[in-house]
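A.B. asks: Pasting the sequence and the predicted coordinates here, then a few questions.
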Amino acid sequence: MPEFSPSIRIVSIMLKEPSKEIIYAIGDKWEDGNLPDREAIASIFDRSTNRALTIIINLTSEKIVKTTKHPEGTQPAVSYNEHPEVEQVVADDPEFKSLLKELYGVNDTSLVMIDAWSAGYYGDEEEKNKRLVRPIAYLRNDSTDNGYARPIEGLRPVVDLNLMKVIRIEKLGKWDLPPNSANYAFEKLAHFRSDIKPLHVLQPEGSSFTRQGHQISWQKWNFVIGFNVREALTIHHVQYEDKNRNRSILFRGSLDEMIVPYGDPAPTQRRKNAFDVGEYGMGMMANSLRKGYDCFGPAEFLDVNFCDSYGNLVTIQNAVGVYEEDSGILWKHTDRRFPDSPELRRSRRLVVFSMSTAGNYEYGFFWYFYQDGTIQFEVKLTGILSVGAIHKGETPKWGTMVSPLVYAPNHQHIFNVRLDLDIEGMNNTVQQSDIVADPLDEEENPFENAFHVLVKDLKTEKEARANLCLETGRSWKIVNKARKNFMGQPVGYKFYPGENAIPFASPNSWWRKRAGFVNHHVWVTPYNEDENYAAGDFPNQRQGGDGLSKWTEQNRSIENKDVVFWYTFGHTHIPRLEDYPIMPTATIGFTLKPNGFFDANPSLDVPPPVVPNKDGKLNIEI
Ligand SMILES: [Cu+2]
């Protein structure tokens with residue numbers, strides 16, 4: 001244990017989640033107080049020595065369980081207080097101030113807005129052993145102006161976080177400040193449409209879910225909500241009650257890493273690629289949510305606590321929201337012989353969500369639970385484009401003009417979700433399904449209309465690496481071969497991908513060497529408690545080579561094992577004028593649906609929204 005000197009800074013102190021064996025052994029008896037020792041995992045660094053450590057502490061015995069040095073050439077994430085500190089040191093830097101005055105005639109640096117972007121790694125040996133950020137600066141008209149409308153394009157300060165000092169300012173050219181403001185705040189806008197009538201979500205008897213601490217029960221579902229400063233919202237121990245028992249589905253799910261690579265080679269833009277989870281900490285950037293604002297109806301919220309860089313408590317009130325919402329028709333059939341007796345059930349879903357603000361962008365993380373056993377995950381992308389300035393008369397090749405002298409560079413948002421599925425137990429097998437068309441066969445396929453599904457049990461990590469494939473409608477199913485359904489098939493859940501993309505940057509690009517998880521959409525690994533983040537534990541400034549691409553080189557067996565399913569999904573963002581000055585929400589995600597998990601439609605017991613009369617007819621006016 002190092003001396004806790006004034007030069008020590010804390011990046012994170014998170015719960016060290018107990019092992020699966022312990023959690024399963026406790027089962028439903030956790031209320032009896034039969035709990036394991038609480039452990040914390042802390043990431044700290046010493047500014048004076050540029051060394052970082054991960055420490056596991058047993059909070060019950062107050063003993064250190066394990067101390068690990070961070071690998072050479074890596075940095076822990078930018079810590080909570082470093083963001084405002086960077087903004088201050090850049091604004092106060094004499095050279096930066098004089099350049100602002102000289103180039104832009106700006107005397108008042110109180111209107112300068114500075115976002116600390118991660119430094120990445122681009123082959124510079126000298127930078128490798130420094131703790132750096134490369135901030136981007138903007139200029140506001142007044143204190144509540146949208147500063148992102150006016151990038152100070154030509155100046156890129158580089159800050160050494162250990163010295164907390166600007167070590168140089170890269171002068172990349174002179175671009176005029178864009179002339180137009182681009183505001184979206186209520187008080188800045190003059191006109192609002194006036195034809196919106198009130199819409200109220202009423203649940204006079206309250207919500208149908210119950211919350212006991214972090215444990216949520218809703219109809220047949222029960223699960224546990226988690227949160228940490230790195231990943232933000234996590235979902236644990238998801239079970240569905242069926243056949244008088246709780247049947248396990250998902251042990252733990254989280255958005256474990258992401259990267260936003262920009263596709264613009266301009267010297268001012270080409271270093272923009274943020275691992276928002278591993279380099280900044282999605283949880284540290286979480287929003288406080290508000291009832292009637294972020295969601296309607298009787299919602300419940302959970303506060304989260306963590307500590308700042310100096311060890312002081314930070315509480316984000318209402319960081320996680322839980323509520324129910326109507327989601328259309330669950331199922332319906334009208335027998336034409338009895339048109340007055342349509343059978344219909346409304347679908348309702350339980351929503352668990354958090355939202356984080358990463359500089360200019362917001363990311364919302366939404367888990368949905370449906371009555372038919374479906375689990376859905378969506379990332380919602382909104383907020384403000386990261387723009388660049390352009391000279392008058394120029395047309396951007398790698399972006400879209402959004403305002404005079406302002407363009408928004410093309411970029412991608414590539415996410416990775418780690419799904420530790422435990423379908424009715426730990427030992428599962430992942431199957432890849434590809435649909436193939438049968439060839440002409442006078443006997444078997446004379447009309448050439450046949451197609452069938454090829455199912456392959458994935459046996460090793462390398463065999464499991466795969467991309468989506470439209471030609472074969474590829475999908476994946478996670479099954480437990482030891483548990484059979486009504487028809488004697490293994491019980492399972494099917495993974496349905498949503499929108500996706502491939503990375504457009506070359507595999508030789510610097511960021512791709514550091515984000516090997518983007519090389520495949522699907523990865524499967526055997527559970528290992530040390531493998532939690534798709535780009536490794538320490539992506540900040542790392543040269544690369546860690547995470548999924550490295551672990552899966554071991555080509556371990558994944559058949560009938562405790563498997564982890566990792567899904568990489570990308571949203572390609574070619575900006576639109578309509579994304580400016582603030583982006584309408586885009587969504588991307590995936591769905592997990594029961595597939596032979598239940599013996600029949602599990603939502604048969606959902607009552608109709610209106611109970612029919614004795615004669616079976618609905619007493620509703622048409
Ligand atoms: Cu975008």
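C.D. replies: Ah, there it is.
A.B. asks: Let me see the contact set for Ser248.
C.D. replies: By C-beta atoms under 8 Å, 6 or more residues apart in numbering, the contact set of Ser248 is 237-239, 422-425. All C-beta spots, glycine's among them, are computed from the backbone N, C-alpha and C.
A.B. asks: Go through these and flag which are in strands.
C.D. replies: Using DSSP state E, the members of the contacts of Ser248 that fall within strands are 237-239.
A.B. asks: can you put the residues you listed in TSV and add distance to Gln432, pLDDT and neighbour count?
C.D. replies: Below are these laid out as TSV (distance: C-beta to C-beta, whole Å; pLDDT from 0 to 100; neighbours: other C-beta atoms under 10 Å):
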residue	distance to Gln432	pLDDT	neighbour count
His237	27	95	18
Val238	23	98	24
Gln239	26	97	21
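A.B. asks: for those, which one is nearest Asp326?
C.D. replies: Val238 (22.0 Å; C-beta to C-beta).
A.B. asks: So in terms of bridging, what pairs with the closest one?
C.D. replies: Leu250 (DSSP bridges).
A.B. asks: Please convert the contacts of Ser248 to JSON lines, extending it with distance to Val351.
C.D. replies: Converted to JSON lines, these look like this (distance: C-beta to C-beta, whole Å):
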{"residue": "His237", "distance to Val351": "18"}
{"residue": "Val238", "distance to Val351": "14"}
{"residue": "Gln239", "distance to Val351": "18"}
{"residue": "Asp422", "distance to Val351": "23"}
{"residue": "Ile423", "distance to Val351": "23"}
{"residue": "Glu424", "distance to Val351": "25"}
{"residue": "Gly425", "distance to Val351": "28"}
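A.B. asks: Could you export the ones in strands among the contacts of Ser248 to JSON lines, including columns for distance to Asp605?
C.D. replies: Formatted as JSON lines, the entries for the ones in strands among the contacts of Ser248 read as follows, by distance: C-beta to C-beta, whole Å:
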{"residue": "His237", "distance to Asp605": "23"}
{"residue": "Val238", "distance to Asp605": "20"}
{"residue": "Gln239", "distance to Asp605": "17"}
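A.B. asks: now, which of the contacts of Ser248 sits nearest Ile152?
C.D. replies: Val238 (46.8 Å).
A.B. asks: top strand in the protein by residue count?
C.D. replies: strand 313-333.
A.B. asks: That one pairs with which strands, parallel or anti?
C.D. replies: Sheet neighbours of strand 313-333, with direction, are listed as strand 300-307 (antiparallel), strand 343-358 (antiparallel) (DSSP bridges).
A.B. asks: Buried by neighbour count: which residues of it qualify?
C.D. replies: When burial is assessed from 16 or more other C-beta atoms under 10 Å, strand 313-333 yields the following buried residues: 316, 318-324, 327, 330.
A.B. asks: what about this protein, any weak spots by pLDDT?
C.D. replies: Segments of the chain classed as low confidence (criterion: pLDDT under 70) are 1-3.
A.B. asks: Pairing partners for the residue nearest the centre of it in the sheet, please.
C.D. replies: Nearest to the centroid of the C-alpha atoms of the chain, with distances taken as C-alpha atoms, centre = their mean, sits Leu255, at 3.9 Å. Each beta-bridge partner of Leu255 is listed here, defined by DSSP bridges: Val417.
A.B. asks: What are the contacting residues of stretch 199-206?
C.D. replies: Outside stretch 199-206, the residues touching it (C-beta under 8 Å, 6+ apart) are 296-298, 324-325.
A.B. asks: do the same with stretch 64-72
C.D. replies: Outside of stretch 64-72, the residues within contact range by C-beta under 8 Å, 6+ apart are 1, 39, 45, 51-58, 76, 129, 538, 542.
A.B. asks: so who does Val78 touch?
C.D. replies: Listed by C-beta under 8 Å, 6+ apart, the contact set of Val78 reads 116, 118, 133, 161, 279-281, 540.
A.B. asks: distance of Ala437 from Leu468?
C.D. replies: Distance, Ala437 to Leu468, using C-beta to C-beta, to the nearest Å: 18 Å.
A.B. asks: out of the two, which sits in the more crowded spot?
C.D. replies: Set side by side, Ala437 and Leu468 show more neighbours around Leu468, with 19 against 12, by other C-beta atoms under 10 Å.
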